[in-house]
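A.B. asks: Coordinates for the following, if possible.
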Amino acid sequence: MSKTAGEALRMNMPFELGLDMGRRRAPDHETDDKKFLIFESKQYELKCCLSDINALDVAFHKDDFELVFKKMLDFLVVEAECQLPGLTQIKNEYTLFPGWMTEKKIHEGHTQEEVLDLPTGERLHEMSEWFQGGMPDNYQP
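C.D. replies: Predicted structure coming up:
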């Protein structure tokens with residue numbers, strides 16, 4: 001019987017979270033002040049497979065990217081004391097980049113389907129190039 005992606009995630013995520021929490025609680029001054037944000041799609045979903053999570057706040061996002069941005073921004077401003085742009089600016093930049101990258105990749109000979117399936121490393125490279133280029137609205141060859 002094959003497992004869905006969600007089932008695989010539910011099985012693997014508690015293990016990875018346990019490793020992260022163990023590292024954070026180790027007697028190591030480099031990580032003893034580590035903070036992290038845990039997301040779940042549906043509220044209390046994680047508690048079904050990881051009962052020890054009760055002491056932690058878990059942010060649920062309802063599969064809404066804007067809610068992920070809001071909760072991530074709140075976390076970074078409060079916990080990491082980051083100076084960040086507002087939520088609207090972040091959402092605008094998030095929507096500009098994929099259009100720019102798609103135009104660039106199509107200009108380079110990719111199909112739109114291929115652009116959607118780029119490896120993470122290539123996508124990160126394109127993000128760096130877009131950012132270093134001043135985050136333009138449109139790709140200009």
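A.B. asks: Quick check: next helix or strand after the host helix or strand of Arg23?
C.D. replies: Using DSSP states H and E, Arg23 sits in helix 5-25. Per DSSP H and E, the first helix or strand lying C-terminal to helix 5-25 is strand 38-40.
A.B. asks: what packs against the helix or strand hosting Arg123?
C.D. replies: In this assignment (DSSP H and E), Arg123 forms part of helix 120-132. Identification of packing neighbours for helix 120-132 by 3 or more Cβ pairs under 8 Å, 6 or more residues apart in numbering; DSSP states H and E yields helix 87-107. All C-beta spots, glycine's among them, are computed from the backbone N, C-alpha and C.
A.B. asks: So which other helices or strands are in contact with the helix it packs on?
C.D. replies: In terms of contacts (3+ Cβ pairs under 8 Å, 6+ apart), helix 87-107 is packed against helix 65-79, helix 112-116, helix 120-132.
A.B. asks: what about the shortest one, average pLDDT?
C.D. replies: Per-residue pLDDT over helix 112-116 has a mean of 94.
A.B. asks: and what of the longest one?
C.D. replies: Per-residue pLDDT over helix 65-79 has a mean of 88.
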